[in-house]
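Trainee: Quick one, what's the 3D model for this:
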Amino acid sequence: MKRTTVIFITIFLLALITSARTIRRTLSIFQGSVPETETIAPETMEFVYDYSYCIDTTETVDDNFTSDKMLLQIAPDGVAKFSSLKNLTVDSLLMSLTSEQIGQAAMDGKLSTGEFMTIFKNYPKAGKLTHTEKICVDWFRYDEDMPQFDWELIDSTVTVLGYECQGARCSFRGRDWTVFYSEEIPLMEGPWKFHGLPGLIMKASDADGHYRFDCVGIKSKADRPVTIYKVPYNSTSRSGYYDTRHRYDINPYAYFEATGGHVSVSDEAGNPVLDAYDPIELSYDYIERDWRK
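Mentor: Residues are numbered from 1 along each chain as shown. Model (predicted):
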């Protein structure tokens with residue numbers, strides 16, 4: 001998809017180096033407007049999760065994890081949405097500021113965004129799951145049947161936010177997961193794609209400790225509706241999404257140039273980084289490991 005419009009961007013080459021090896025590159029593209037939205041479900045219950053994942057599985061230090069606050073909205077009709085709370089906050093802020101204020105807020109770092117992954121359950125209809133995500137400057141969407149989890153209850157309990165939670169585990173798309181759910185909150189829901197237990201899933205982690213979801217806040221009555229961006233999505237499949245995401249992650253600058261943008265990468269002294277367009281090998285894998293099949 002070629003573009004002739006010049007887009008001004010801010011680039012951050014993360015200083016995550018192991019033995020002089022760049023383990024992650026990121027391209028931060030600031031766009032000072034909020035896409036139009038469509039309401040797909042009324043007011044909801046809301047649950048806030050800490051979502052964290054390892055970006056260098058060859059190391060174990062805390063600095064190799066990134067995190068975001070995610071919001072799980074559950075509507076009375078069964079529609080659920082799991083999305084970045086930071087992005088919702090930034091959207092609200094953008095809509096309240098003037099153009100001059102937006103520019104200043106961007107320079108002050110107040111408009112940094114979070115995860116663009118958004119999961120909708122029982123949408124566009126019951127039994128369906130929709131994943132939307134922004135990759136570079138384009139939006140992607142794939143639909144699938146609601147995944148089935150072969151849950152096995154385990155003899156383990158924890159307390160989360162004062163709620164007693166029972167343990168369960170399963171294998172799903174290449175990872176072994178342990179979760180804790182509370183029957184005191186009788187919703188067969190959870191973060192990300194998880195669902196199907198007789199209570200809200202409040203904690204989840206994979207066996208390697210690379211991905212974690214921890215409930216940190218509950219609002220039993222919220223007036224924020226469930227919405228979806230009205231943008232021109234590129235419709236794809238789950239495997240197609242991961243292929244595109246991988247192409248971007250191993251070489252974001254080249255990916256951006258292929259869409260019609262332009263990137264110049266320099267070091268702190270202003271000298272060109274000659275290998276900036278060379279693909280890198282990712283030192284982590286995606287949350288669903290079966291994407292390479």
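
Trainee: Could you look up the SS state of the closest residue to V265 other than its chain neighbours?
Mentor: Using C-beta to C-beta, 6 or more residues apart in numbering and skipping the chain neighbours, the partner closest in space to V265 is A276 (3.8 Å). In this view, the C-beta of every residue, glycine as well, is placed from N, C-alpha and C. Following DSSP: H, G, I helix; E, B strand; the rest coil, the label given to A276 is coil.

Trainee: D150 and F172, how far apart?
Mentor: 8 Å (C-beta to C-beta, to the nearest Å).

Trainee: of those two, who's got more company?
Mentor: Neighbour totals were compared for D150 and F172, and F172 leads with 19 against 9 (other C-beta atoms under 10 Å).

Trainee: Please look at that one and F149 and confirm they touch.
Mentor: Yes. Applying C-beta atoms under 8 Å, one finds F172 in contact with F149, separated by 6.1 Å.

Trainee: which residues of the stretch 101-250 of the chain score low on pLDDT?
Mentor: Residues of the stretch 101-250 of the chain meeting the criterion pLDDT under 70: 102-111.

Trainee: Quick one: the strands in it, in order.
Mentor: Remark: strands assigned in the stretch 101-250 of the chain by DSSP state E, counting those that start in this stretch are 118-121, 128-135, 138-145, 152-160, 163-172, 175-182, 200-206, 211-222, 226-229, 234-235.

Trainee: any chance of the ones you listed in TSV, plus distance to Q101?
Mentor: Listed next are the strands of the stretch 101-250 of the chain as TSV, based on distance: least, C-beta to C-beta, whole Å:
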stretch	distance to Q101
strand 118-121	27
strand 128-135	23
strand 138-145	26
strand 152-160	39
strand 163-172	41
strand 175-182	42
strand 200-206	38
strand 211-222	27
strand 226-229	23
strand 234-235	32
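
Trainee: Specify the stretch among those that is closest to A258.
Mentor: A258 lies closest, by C-beta to C-beta, to one member of the strands of the stretch 101-250 of the chain: strand 138-145, at 10.8 Å.

Trainee: buried stuff in the closest one?
Mentor: Going by neighbour count (16 or more other C-beta atoms under 10 Å), the buried part of strand 138-145 is D138, W139, F140, R141, Y142, D143.

Trainee: Over to stretch 70-79?
Mentor: Neighbour counts using 16+ other C-beta under 10 Å place M70, L71, L72, Q73, I74, A75, V79 of stretch 70-79 among the buried residues.

Trainee: Now for K193: which residues touch it?
Mentor: For K193, the contact set (C-beta atoms under 8 Å, 6 or more residues apart in numbering) comprises I119, K121, L129, P147.

Trainee: Roughly how far does it sit from T39?
Mentor: 23 Å.

Trainee: which of the contacts of K193 has the most neighbours?
Mentor: Per-residue neighbour counts (other C-beta under 10 Å) across the contacts of K193 peak at K121, which has 24 neighbours.

Trainee: now the helices for the protein?
Mentor: Listed in chain order, the helices of the chain (DSSP state H) span 85-96, 99-107, 238-250, 252-258.

Trainee: Need phi/psi at S283.
Mentor: phi -100, psi 30 (degrees, to the nearest 10).

Trainee: what's around it, how many residues?
Mentor: Neighbour count of S283, defined by other C-beta under 10 Å: 18.

Trainee: Would you agree it is in contact with T57?
Mentor: Yes. Counting by C-beta under 8 Å, S283 touches T57, with 6.0 Å between them.

Trainee: Straight-line length of stretch 125-140, end to end?
Mentor: End-to-end distance of stretch 125-140: 19 Å, with C-alpha to C-alpha, to the nearest Å as the criterion.
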